[in-house]
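Visitor: Need a 3D model of the sequence below.
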Amino acid sequence: MHCSHPEPMAQAPARLEGLVVASHGRHCVVESAGGERRICHPRGKKSQAVVGDRVLWQPAAPGQGRGHGDEGTIEKVLERRNLLYRQDEVRTKSFAANLDQVLILIAAEPVFSESQLARALIAAEAARITPLIALNKSDLVEPFARAWERLWPYRHMGGEQDTQHHYRVLPLSLSESGAVDRDMLMHLLAGKTTLVLGPSGAGKSTLVNLLVPGASAQTGEISQALNSGRHTTTTTTLYWIDPQRTTALIDSPGFQEFGLRHLAPTDLARYMPDIAAHAEGCRFYNCTHLHEPGCAVQAQVRDEQDAQAISPQRYRIYGELFAELSESPY
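Guide: Numbering: from 1, shown residues only. Next up is the predicted model:
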């Protein structure tokens, strides 16, 4: 009597841990522990991975890659320390995770939007990410002086004693040979993962190229790979600044309209340090700080350079965001 032996089952490839270093649409570039990179696609409709995510991934089985033998599949997004969102008129979308810092780069010219700056700071505060504000073009003497004056509330927020909520504001003059500013920035970024943001014309490309020589070529290669040959710079990208891969800079195109819709309007005050400093003194525990009598916040709104004051412009931004977050999303 002949006994047939069962065929040995093909062993599933091991799930490997990796870091998402670029993303475009649903496709990502994942870096392995050894530094190798490959394009990966999410399996089915599982959670979308974003730059900065640690993921478990599997190499594609032979013949299953989308035109390449060195692609893979993201099996799981590992737990995140934090997450930032961008938004447009239709939806809110996550775009960067596991950050230590956000470097918000603005310039003396063109004139920066304080509303955009406030949104970025609120998003960072809500995600418990340290923000740094850098004002570029200090060589433009008069425009820089005006912009530096506009930043007075941010430079003094919470008073000199309140280091927890004291925003760090840096003057910069970025140029391709800005050795002094480069050394200062490298010291601030060392050992951290930092997302750099800034509106058009603020000098973000100069900053990235100053810190990461060859960054533009690297971006082009990644963009072409993710877009099947089309060259574009709409990709959010993580760059290593040091050979040891301990200091990372994440560049995201444009100055994102930060998604704040995951925040309740009643939580907004706690993420604006100048307002939070006075909110507990209100007469009503559920005060909106907009129209109630005995509101300690409204009592501190005044147009003067006092570290305890709330600037009228900051209070106006608070009111606008409170109204926006109060609107029904449907």
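Visitor: Do a quick rundown of the strands in the stretch 1-150 of the chain.
Guide: Chain-ordered strands for the stretch 1-150 of the chain, with DSSP state E, counting those that start in this stretch as the definition, fall at 16-24, 27-32, 37-42, 54-59, 72-77, 83-87, 92-97, 101-107, 130-136.
Visitor: right, so of those, which gets closest to residue 246?
Guide: Closest to residue 246 of the strands of the stretch 1-150 of the chain is strand 16-24 (Cβ to Cβ; 12.4 Å). Every C-beta, even on glycine, is put in place using the N, C-alpha and C of the backbone.
Visitor: angle of that closest one against strand 92-97?
Guide: Taking axes from the mean of the first three to the mean of the last three Cα atoms, to 10 degrees, one finds strand 16-24 and strand 92-97 inclined to each other by 130 degrees.
Visitor: Mind listing residues that contact strand 16-24?
Guide: 28-33, 37, 40, 49-59, 78, 95, 222-223, 226-227, 232, 234-238 (Cβ atoms under 8 Å, 6 or more residues apart in numbering).
Visitor: Taking strand 54-59 as reference, get the angle to that strand.
Guide: Here strand 16-24 runs at an angle of 100 degrees relative to strand 54-59 (the same axes, to 10 degrees).
Visitor: mind exporting strand 16-24 as CSV, just the C-alpha atoms?
Guide: Below are the C-alpha coordinates for strand 16-24, written out as CSV (Å, rounded to 0.1, in the frame of the first residue of the first chain):
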residue,chain,number,x,y,z
LEU,A,16,9.8,42.9,9.3
GLU,A,17,9.9,46.2,11.2
GLY,A,18,10.5,49.3,9.2
LEU,A,19,10.2,53.1,9.1
VAL,A,20,8.1,55.0,6.6
VAL,A,21,10.4,57.6,5.0
ALA,A,22,8.2,58.9,2.2
SER,A,23,4.6,58.7,1.2
HIS,A,24,2.4,59.7,-1.8
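Visitor: so what strands line up beside that strand?
Guide: Applying DSSP bridges to the sheet, strand 16-24 is found paired with strand 27-32 (antiparallel), strand 54-59 (antiparallel), strand 236-240 (antiparallel).
Visitor: which residues are contacting the shortest one?
Guide: By Cβ under 8 Å, 6+ apart, the residues outside strand 236-240 that reach it are 19-24, 50-52, 95-96, 193, 208, 211-212, 215, 218-219, 222, 247-253.
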